[in-house]
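Peer 1: Give the three-dimensional model of this entry:
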Amino acid sequence: MRKIVVYELVSLDGVAEGPDAFIPDWDEDMDANLGAVIATQDDVILGRRSFDEWSRYWPNSDIQPFSDFINSVTKHVATSAPLEPAWPGASAIEGDVVEFARRLKEGDGGDIGVHASISVARALLAGGVVDELRLVIAPAVADGGRRLLEGVPAQRFETISSAVSSTGYLLAGYRVLR
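Peer 2: As a prediction, this is how the structure comes out:
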């Protein structure tokens, strides 16, 4: 069975919204960590807000390793509205995102990524279909914005990896315990 891996940039107080405010720099360790996460993914589930922002930004970006990945990977978008602008490989999810994710996990392929989509990550965590969290934790307090785990039911995790990047970000991996 395939794994669903949520990758998020968060502040020390758990805020995932607007990471540019609390992650002012990016280093080679963070690039390598991201590269390792996306290397196993061949599908991505996005929320509508992330699709709207990313479909305008990433097709014209040369920021690697993410640009080549996100522009070529199959993207499933949790929305009932038409996807505009068109973005190659993107299609709307019909029906419930948790049920869709369960069906996708049962198919063939690599890992399924969830990137930047806070509401989708929360729904999938609450629905019990997430297998791993991969977090870049900034040594900063955001003091405002949507928190990644707010409203998610109690769950336990096992630490599967941890490292500190050269500029002080914690690169943490957690497995969801069932």
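Peer 1: so how far is Arg49 from Ala81?
Peer 2: Using C-beta to C-beta, to the nearest Å, Ala81 is found at 12 Å from Arg49. Heads up, the C-betas are built off the backbone N, CA and C, glycines and all.
Peer 1: again with Pro88
Peer 2: Between Pro88 and Arg49 the distance is 20 Å, computed by C-beta to C-beta.
Peer 1: and Arg134, what is it in contact with?
Peer 2: Contacts for Arg134 (C-beta atoms under 8 Å, 6 or more residues apart in numbering) come out as Val5, Val6, Tyr7, Glu8, Asn33, Val37, Ala172, Gly173, Tyr174.
Peer 1: Grab the nearest non-local neighbour of the last one.
Peer 2: Counting by C-beta to C-beta, 6 or more residues apart in numbering, Phe157 is the residue found nearest to Tyr174 once chain neighbours are left out, at 3.9 Å.
Peer 1: I'd say the one you found and Val176 touch.
Peer 2: Yes. The pair Phe157 and Val176 passes the contact test of C-beta atoms under 8 Å, sitting 6.0 Å apart.
Peer 1: Mind checking which of the contacts of Arg134 land in strands?
Peer 2: Those of those mapping onto strands are Val5, Val6, Tyr7, Glu8, Ala172, Gly173, Tyr174, per DSSP state E.
Peer 1: The second one and Leu125 touch, don't they?
Peer 2: Yes. Between Val6 and Leu125 there is a contact under C-beta under 8 Å: 7.3 Å.
Peer 1: circling back to that earlier point, of the ones in strands among the contacts of Arg134, just the buried ones, PyMOL syntax please.
Peer 2: In PyMOL, a selection of the buried entries from those looks like this (16 or more other C-beta atoms under 10 Å):
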select buried, resi 5+6+7+8+172+173+174
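Peer 1: Kindly confirm my reading that the residue nearest to Tyr174 is in a helix.
Peer 2: No. Read with DSSP: H, G, I helix; E, B strand; the rest coil, Phe157 is strand and lies in no helix.
Peer 1: Average pLDDT for stretch 94-106, rounded please.
Peer 2: Mean pLDDT, computed over stretch 94-106, is 97.
Peer 1: ignore the last one, stretch 5-21
Peer 2: What stretch 5-21 shows for mean pLDDT is 97.
Peer 1: and the gap between the spatially most central residue of the chain and Trp58?
Peer 2: Nearest to the geometric centre of the chain sits His115, at 2.0 Å (C-alpha atoms, centre = their mean). From His115 across to Trp58, the span is 11 Å (C-beta to C-beta).
Peer 1: Lovely, talk soon.
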